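Engineer: sequence first, then the predicted structure:
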Amino acid sequence: MSDWPLLTLITFLPAAGALLILAARASARGANGGFDRGVRLMALIVTLLTLGLNILALTHFSFADAGFQLVERAPWALGVEYHLGVDGLGMALMVLTTALMPLCILASWTIEKQVASYMVLFLLLETLMLGVFCALDLALFYVFFEGGLIPMFILIGVWGGQRRVYAAFKFFLYTLLGSILMLVAIIVMAREAGTTSIPALMEFEFGRQMQIWLWLAFLASFAVKLPMWPVHTWLPDAHVEAPTAGSVVLAAILLKMGGYGFLRFSLPMFPDASSLFTPMMFTLSVIAIIYTSLVAWRQTDMKKLIAYSSVAHMGFVTLGIFSGTEQGVQGAIFQMLSHGIISGALFLCVGVVYDRMHTREIAAYGGLVHRMPVYAAVFMLFSLGNVGLPGLSGFPGEILSLVGAFQANAWFAAAATVGVILAPVYGLSLYRRVVFGKLENPQLAAITDMNTREWIMFAPLVIGILALGLAPSLALDFTRASAQSIVAAYQAALGAAP
Amino acid sequence: MIETFIVLAPLIAAAIAGLGQRFLGDKLAMALTTGVLGLCCALSLYTFAAFTWGDAPERVTELFRFIDVAGFTSTWSVRIDSLSVVMLVVVTVVSFLVHVYSIGYMADDPHRARFFSYLSFFTFAMLALVTANDFLQMFFGWEGVGVASYLLIGFWYQNKAPNDAAIKAFVVNRVGDFGFALGIMACFFAYGSIRFDEVFAQAAAHPQLMIGVGDISFRAVEVVSGLLFIGAMGKSAQFFLHTWLPDAMEGPTPVSALIHAATMVTAGVFMVCRCASLYELAPYAAGFVTIIGATTAIFAATVGLAQNDIKRVVAYSTCSQLGYMFFAAGVGAYNVAMFHLFTHAFFKALLFLGAGSVIHGLHHEQDMRRMGGVRGPMTITWAMMLIGTLALIGFGVPGFFGLAGFYSKDAAIEAAFAGIEAGRIGAQWAFWAGVGAALLTSFYSWRLLFMTFEGTYRGAAHGHGEHHGHGETHSAHHQQSGAAPAHESPMVMLAPLFVLAFGAVFAGWFFAPYFVGEHAGAFWRETLHVSHGHHEFPDWVIWAPLAVTGAGFVFAVFFYLLNQGLGARIAAAGGPVHAFLYNKWFFDEIYDFIFVKGGRALGNFLWRWGDQRTIDGLGPDGVSASTRFASRQMRRAQTGFVYHYSFIMLIAAVAFGAFAIWAGAQPANGAAP
């Protein structure tokens, strides 16, 4: 079984599912309610099978090995190879993706508009996201990386809220700007190194001047994806307008492509430039943490608040990555995984009440605890996780990133730690305004607590936030080898430089 | 094994009571948590006895790895040494008594299971804090007790004030935790470890190690100790970061006794004592501890003079007593600090639970201006409060016998005096602040007792009785005698008071030889360095605290017993001094203006001006004209999306194809330029 092309199977299984749904729709003209239910179930089964395959792949994966594993390599077209493989970093993000997708499908159960198209897009999106984390050829990576933009763009534009077109275009403009620069950089790299193989490029030493230009071009793309201040303003709008599951995917997985890109490309391929720009990255990270935390506090829309808090949390990721220390890199990876769980869960929390009340205005709520005690407990857990409480998964990533940054520059670490004070300011005041207080809006009187489907949706996330919070070593051991090799190569390259 | 059970059992009880409340019901949830805490309490006493009088060794039980990244290693552990056994006893005894008391106090509350679950969770977090073997687990417990405090302060979540107070407590504590977290980072940076033993050994081995960025560098041990103390300032409500503690009184009174008097707020003192070997190497950081502690001791006492809410008076008193503990630690008398922590737990919990009994008896009246004449109907509570007050002010005869505070508080003042001779930074200020605060402590404590229990009832005759069937008969009966329409609390609430009163009377006398006397060396073993140089204090130093305490009593008798209403008239006259004290030195107003209003304004500014006008204005919205145009077009033509993105894909494909052909045509060129 170990000679099966597991990564290909995992990556393209959702796409195959999408094709199947399309085929079924073509044969079942005049779609009815039964058909929609079938489509939902089909999508759920496909995502669960993908998760199962991913777990199977885990059993063939060795944590101790820092290199790429489960490698598949075949010549493709035009000198580009079909080349897949994962290290601990890629595998961790693939597991995050495959584990969250079934929950997103469950969260989409209430979608009534063009269910088949919606699910097809979602499954395609999963294929493209998974491809990003296991592609080992630059061109292939680029196809997956930018391809993911299209289904997301349509999901927001068609199934979004009132200002969906504005949000979709803002999202598109920002990310397209980044992609074009990255495409140019990829072309230059291919020409310079004569290969598009990522492992080969990691060994290749670009000239210092070349590194700077390439690094900046990649930055344009990754900074928008992550997003970093000041190219973050597409995120709140995209989140607000996206359907719940779209927000979950956006926050939990799509943003991580930026962090993944920094770790896969910027640090290993352009170490001199990374080192040169570290002060800038630290400054932007600190601004992101403090600035967006303050802005998050002032939001009146639940989703916008959580979106801004995502930007602040991603600040810790860039801080950790560019510290160039093992603690920092491990912290950044952990923060990405944890943020996937926590921000995903928070958007689902908003979705639960949005499905019932059809508003995201914080002011429309208040006192939910009187009607929805279970929901209140779940929301509290994830709010505290978002605040970075030790014992929940939000903490290890933050503290490790900061410990790493402190070794690089204590002043930046101290400034970033201010975020620790601001997190409860926006996080707990959101919770308080929505859940605590008196039940004042009469429309809330009949609101019902979470149902079974919602329970099933949250249960894995509750387990995740607690397990990773109390025993973060579960994930840290997983990514240790690749983090160590990234840091070792980076330090060696800097040490070798004049 | 036993100690692992002590730490984890409250967590399991909390989880069962909290998650299973629908199936268990309130009664079972209360019985479970209280029973488990009773067991933990007994086991803790056993552990303490085995450690103090037996020959049980210092030991660490390691459970499993928490975080382990390249030397940044933390393991879930239970550390047993003399510091942690003292804390085990303090925490489990007070927690158990508070559990029992709450059965009576919370009898009418619809959410009792939730309340007991939080109480037990708090106990777990506090135990995890005191039995930590490294800074990270300590930080876990530190934040864990913070969250329990947040949940319990805001327990009555339907009201505005508790919600405000809960968030304030969390955020102000986070300001302290900012220092704590940076302290952990600096510690790892300097010493390459966060485990206590390794850090202390490294610090002792390299006392002159410098850390810094660029040209600016400091002695590592000063930086680490100073930053950690900022954490302690937050948790222990010291000057500048004290503002959350009085507001925390919005929580139910048993919570105030457990968390905001006896245990959580003393975590800062515990931390400084745990890191004694760092502070001994860091004279400036220790001086900072002394000065902040002494300032808090006197500051909080002055504010306590002018407060009218019975719980807030006790809260400021707590703040002030924590100041004593800190300056004792700051001048190097860590054992004295721990001793005062130990005795304070008894009498301050007693005072809080006594105040709770009064509040309960007066149907949730907390304003002392509407009390008076409560002694008659609540004689037992009065007697208990009297014992608590005597213990707090440190009543006793030198060389003969005294109540708990007599031994520990006087020891703190004497330690400060000894610190002057030893050249400790801030010791002079600590000594005089300690003596001054003793005068004020005596005054405000008697004021509380007199305003509450003596004189005639000043509350509204029927104010309390609206929701209580028996209220009418009470007031009718008491109105004639001038006594308050109060009822004595049930035995389930009084019994914990008796236990605490016993401790408040005898704990100082019994344990003084162990904590600060002839057995101190054997008691603390290697954990705390106890100075063996025997101090001979001048007589006036020994008698000064007692003299000022007596003076405080005389003033209080004059103002609140002989001339009833005089205090109220002074308050009504509205002098600037009174206004200054009544408004707590205007800390809340200043902080509110700078941080809350300032932060809001800055947030709004960054959002409206930074994000919306500058970034969006220059970026995407600059292109917005065309975007809007395009979107209008697209709304007209339903299939517009498809065209648009296929167009983009076409461009990408063309670019890609061009690149591929070009790259394929070129020979691979690997040479560097």
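Structural biologist: On my side now, so go ahead.
Engineer: which phi and psi values does A:Met357 adopt?
Structural biologist: phi -110, psi -20 (degrees, to the nearest 10).
Engineer: thought it was touching A:Pro442?
Structural biologist: No - counting by CB atoms under 8 Å, A:Met357 does not reach A:Pro442; the two are 11.9 Å apart. Backbone N, C-alpha and C define where each C-beta goes, glycine included.
Engineer: how much space is there between the residue of the stretch 1-150 of chain A found nearest chain B and A:Ala139?
Structural biologist: Residue nearest to chain B within the stretch 1-150 of chain A (CB to the nearest CB): A:Leu78, separated by 3.5 Å. A:Leu78 is 8 Å from A:Ala139, where distance means CB to CB, to the nearest Å.
Engineer: how about B:Gly183?
Structural biologist: Taking CB to CB, one finds B:Gly183 at 48 Å from A:Ala139.
Engineer: next: A:Pro396.
Structural biologist: 36 Å.
Engineer: compare neighbour counts for the two and give me the winner.
Structural biologist: Taking neighbours as other CB atoms under 10 Å in any protein chain shown, A:Pro396 and A:Ala139 compare with A:Pro396 leading, 31 against 25.
Engineer: which of the helices or strands spans that one?
Structural biologist: helix A:394-408 (DSSP states H and E).
Engineer: quick one, what contacts the residue nearest the centre of chain A?
Structural biologist: With distances taken as CA atoms, centre = their mean, A:Ile253 lies nearest the centre of chain A, 2.3 Å away. By CB atoms under 8 Å, 6 or more residues apart in numbering or on different chains, the contact set of A:Ile253 is A:93, A:96-97, A:100, A:129, A:340.
Engineer: would you turn these into CSV with pLDDT?
Structural biologist: As requested, those are arranged in CSV below (pLDDT from 0 to 100):
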residue, pLDDT
A:Leu93, 93
A:Leu96, 93
A:Thr97, 94
A:Leu100, 93
A:Met129, 92
A:Gly340, 92
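Engineer: now for the residues you listed, which pair is the farthest apart?
Structural biologist: Across these, no pair lies farther apart than A:Met129 and A:Gly340, at 11.5 Å, counting by CB to CB.
Engineer: quick one: secondary structure of the closest residue to B:Gln137 other than its chain neighbours?
Structural biologist: Nearest residue to B:Gln137, sequence neighbours excluded (CB to CB, 6 or more residues apart in numbering or on different chains): B:Ser74, at 5.8 Å. Following DSSP: H, G, I helix; E, B strand; the rest coil, the label given to B:Ser74 is strand.
Engineer: next up, the contacts around B:Ser74.
Structural biologist: Listed by CB under 8 Å, 6+ apart, the contact partners of B:Ser74 are B:65-68, B:134-137, B:194-195.
Engineer: can you tell me which of those end up in helices?
Structural biologist: Residues of the contacts of B:Ser74 located in helices (DSSP state H): B:135-137.
Engineer: any idea which of the residues you listed has the most stuff around it?
Structural biologist: Among these, the one with the most neighbours (other CB under 10 Å) is B:Phe135, at 27 neighbours.
Engineer: let me see the contact set for it.
Structural biologist: Contacts for B:Phe135 (CB under 8 Å, 6+ apart) come out as B:74, B:183-184, B:187, B:194, B:196, B:199.
Engineer: please redo it, this time with the cut-off set to 10 Å
Structural biologist: B:74, B:142, B:180-181, B:183-185, B:187-188, B:193-196, B:199, B:224, B:228, B:271, B:274-275 (CB atoms under 10 Å, 6 or more residues apart in numbering or on different chains).
Engineer: in helices, which of these fall?
Structural biologist: Per DSSP H, those map to helices at B:142, B:180-181, B:183-185, B:187-188, B:196, B:199, B:224, B:228, B:271, B:274.
Engineer: return the member of those nearest to chain A.
Structural biologist: Comparing the ones in helices among the contacts of B:Phe135 against chain A with CB to the nearest CB places B:Met185 closest, at 3.9 Å.
Engineer: ok, how many other residues are close to the closest residue to the closest one other than its chain neighbours?
Structural biologist: What sits nearest to B:Met185 in space, not counting adjacent residues and going by CB to CB, 6+ apart, is A:Phe406, at 3.9 Å. Neighbours of A:Phe406 under the rule other CB under 10 Å: 28.
Engineer: what does A:Ser27 give?
Structural biologist: Look at A:Ser27: counted by other CB under 10 Å, it has 7 neighbours.
Engineer: kindly report the same for B:Met493.
Structural biologist: Close neighbours of B:Met493, defined as other CB under 10 Å, add up to 25.
Engineer: how far away is it from B:Val313?
Structural biologist: B:Met493 is 20 Å from B:Val313, by CB to CB.
Engineer: and whichever strand or helix holds B:Thr302, what's its mean pLDDT?
Structural biologist: Under the criterion of DSSP H and E, B:Thr302 resides in helix B:283-305. Here helix B:283-305 scores 93 as its mean pLDDT.
Engineer: now the helix or strand following that helix against helix B:283-305, angle please.
Structural biologist: Following helix B:283-305 in sequence order, the next helix or strand is helix B:310-330 (DSSP H and E). For helix B:310-330 against helix B:283-305, the angle by axes from the mean of the first three to the mean of the last three CA atoms, to 10 degrees is 160 degrees.
Engineer: so for helix B:310-330, mean pLDDT?
Structural biologist: 93.
Engineer: surely B:Leu362 meets B:Phe453?
Structural biologist: No - between B:Leu362 and B:Phe453 there is no contact under CB atoms under 10 Å: 11.5 Å.
Engineer: secondary structure class for B:Arg447?
Structural biologist: Applying three-state DSSP: B:Arg447 is helix.
Engineer: next one: it from B:Ser489, what distance?
Structural biologist: 23 Å.
Engineer: and residue 27, what pLDDT?
Structural biologist: With no chain named, the answer covers chain A. pLDDT, read off for A:Ser27, is 77.
Engineer: wrong one, I was asking about chain B
Structural biologist: B:Lys27 is given a pLDDT of 89.
Engineer: same thing with B:Ile661?
Structural biologist: In this model, B:Ile661 carries a pLDDT of 51.
Engineer: can you check B:Asp621 too?
Structural biologist: 63.
Engineer: again, but for A:Ile465
Structural biologist: For A:Ile465, the model assigns a pLDDT of 95.
Engineer: so it sits against A:Ile341, correct?
Structural biologist: Yes - counting by CB under 10 Å, A:Ile341 is a contact partner of A:Ile465 at 5.5 Å.
Engineer: more neighbours: which of those two?
Structural biologist: A:Ile341 (27 against 24).
Engineer: about what we covered before: helix/strand/coil for the residue of the stretch 1-150 of chain A closest to chain B?
Structural biologist: coil.
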